Structures are given as structure tokens and as C-alpha cells.
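Peer 1: Quick one: sequence and predicted model below, then my questions.
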Amino acid sequence: IGEGEEGQEGREGQEVEERNVSLMKRRIYLLILLVASSACATALAQERTCKSDETVVVRGAKTLGEATKHNDVATLVDMTYPPMVDMAGGRKKLVSQTTASMAQMNAGDMKIEKIEFSSPTPTYLDGGTSICFVPRDMQVTIKDIRVHAVGYLMAIWDPSGPRKWTYLDSDGFQRNPMLM
């Protein structure tokens, strides 16, 4: 084999090696792209919005309204945003406090005549947590006085939590802004 042939074989070997490296780089790039797109798809699939879950969010608000009207403390506490339950001292303590509050309202001849909820606001995202506000229109009778109250529930989807929409009554934030 002559010197020219050895040089040509060397160049051909180098070209094959370069093609193999190029092919390997493309495969690695495609693998990275595939993993990244899969991660993005998973993140998007886990993001919840009040618009996409509007029926569920409003149904949950209505369930809370009915639970309030019928003094169903267990349902109220079960649907409360878990960190707030913890802040109240745990489920047992919150059930006790809520039961006492309901008894006080009933003793004062307070009766919820009507409670309605409408479509939630756009979703606010805080990290992976989705938050929106569900407008509430309530008519209450205290003795013979009819009171009309407008407010809202805060609906929260926390992907690290119970994997369901939970709620907070926003009236408490107006009285205690430091809770926000």
C-alpha cells in the first residue's frame, strides 16, 4: 500500500468517525429534546385553571354554600385549604371552632335564605398553585332583618396538596389581611 492510499484511508476513517460523532450528537440532542418536551407536557397537564375546571370549581363552591346552610361542619372543614386547617390547630380544633360559630349564628336567629355562586375569575398562578376567586351572592335573615352580602370564595389547586380544589372564605382576609 502506497503512501497516498494510507492517507486516503486515514481521511476516510476520519470522515466516518466525524459522521459517527455527528450522528451521536444528533441522537443526544433528540433525546434531550424528547425529555424536555415530555417534562413540559407533564407540567402543562398538571397545571389547573379555574376556566378549564369551572364546573368543578363552581360545584365545589355550591357544595360549601349548602354545607353552610345546613350546618354541615365536616364538609366545610374537609373542603378548606389544608394549610389553613393546620393554622387553625388541626382538623379536630377547626371542627370544634366551626361548630361553636354555627351554634352562635343559630342562637342569634341567623338564617341563610339564599347563597349563589357565579363563574370564577381568571386563574392566578403562584408557582404550581392555581388560585381564583368565585363570586358569592348571599341573602341572610337575622331575626326579621334581611341582609344582602356580596363576597367571594378563594379556590385553590395546590399540586403538592390533596389533588383537588380547596377553598377559603375571603371575608376572613378582609378582617385579617396579615393572613394573606
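Peer 2: Sure, I can see it. Numbers count the residues shown, from 1 in each chain.

Peer 1: residue boundaries of the strands in the protein?
Peer 2: Using DSSP state E, the strands of the chain run over residues 110-117, 124-126, 129-142, 145-157, 165-169.

Peer 1: Quick check: which of the ones you listed has the most neighbours on average?
Peer 2: strand 165-169 (a mean of 20; mean count of other Cβ atoms under 10 Å). For glycine as for every other residue, the C-beta is placed from the backbone atoms N, C-alpha and C.

Peer 1: which strands and helices sit next to that strand?
Peer 2: Using 3 or more Cβ pairs under 8 Å, 6 or more residues apart in numbering; DSSP states H and E, the elements in contact with strand 165-169 are helix 54-69, strand 145-157.

Peer 1: Centroid-nearest residue for this protein?
Peer 2: Trp157 (1.3 Å; Cα atoms, centre = their mean).

Peer 1: related to what we said a few turns ago, JSON lines for the helices and strands packed on strand 165-169, including mean pLDDT and distance to Lys111?
Peer 2: Listed next are these as JSON lines, based on pLDDT from 0 to 100; distance: least, Cβ to Cβ, whole Å:
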{"stretch": "helix 54-69", "mean pLDDT": "93", "distance to Lys111": "8"}
{"stretch": "strand 145-157", "mean pLDDT": "92", "distance to Lys111": "10"}
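
Peer 1: among the ones you listed, which is nearest Met79?
Peer 2: Met79 sits nearest to helix 54-69 of all the helices and strands packed on strand 165-169, at 5.7 Å, using Cβ to Cβ.

Peer 1: CA atoms only: put the closest one into PDB for me.
Peer 2: Taking C-alpha atoms only, helix 54-69 is exported to PDB below (Å, rounded to 0.1, in the frame of the first residue of the first chain):
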ATOM      1  CA  GLU A  54     -65.100  25.900  36.000                       C
ATOM      2  CA  THR A  55     -67.800  23.300  36.500                       C
ATOM      3  CA  VAL A  56     -65.900  21.600  39.300                       C
ATOM      4  CA  VAL A  57     -64.900  24.900  41.000                       C
ATOM      5  CA  VAL A  58     -68.400  26.300  41.000                       C
ATOM      6  CA  ARG A  59     -69.900  22.900  42.100                       C
ATOM      7  CA  GLY A  60     -67.400  22.900  45.000                       C
ATOM      8  CA  ALA A  61     -68.400  26.400  46.000                       C
ATOM      9  CA  LYS A  62     -72.100  25.400  45.800                       C
ATOM     10  CA  THR A  63     -71.400  22.400  48.000                       C
ATOM     11  CA  LEU A  64     -69.800  24.700  50.500                       C
ATOM     12  CA  GLY A  65     -72.800  27.000  50.400                       C
ATOM     13  CA  GLU A  66     -75.200  24.100  51.000                       C
ATOM     14  CA  ALA A  67     -72.900  22.800  53.800                       C
ATOM     15  CA  THR A  68     -73.000  26.300  55.400                       C
ATOM     16  CA  LYS A  69     -76.900  26.500  55.100                       C
END
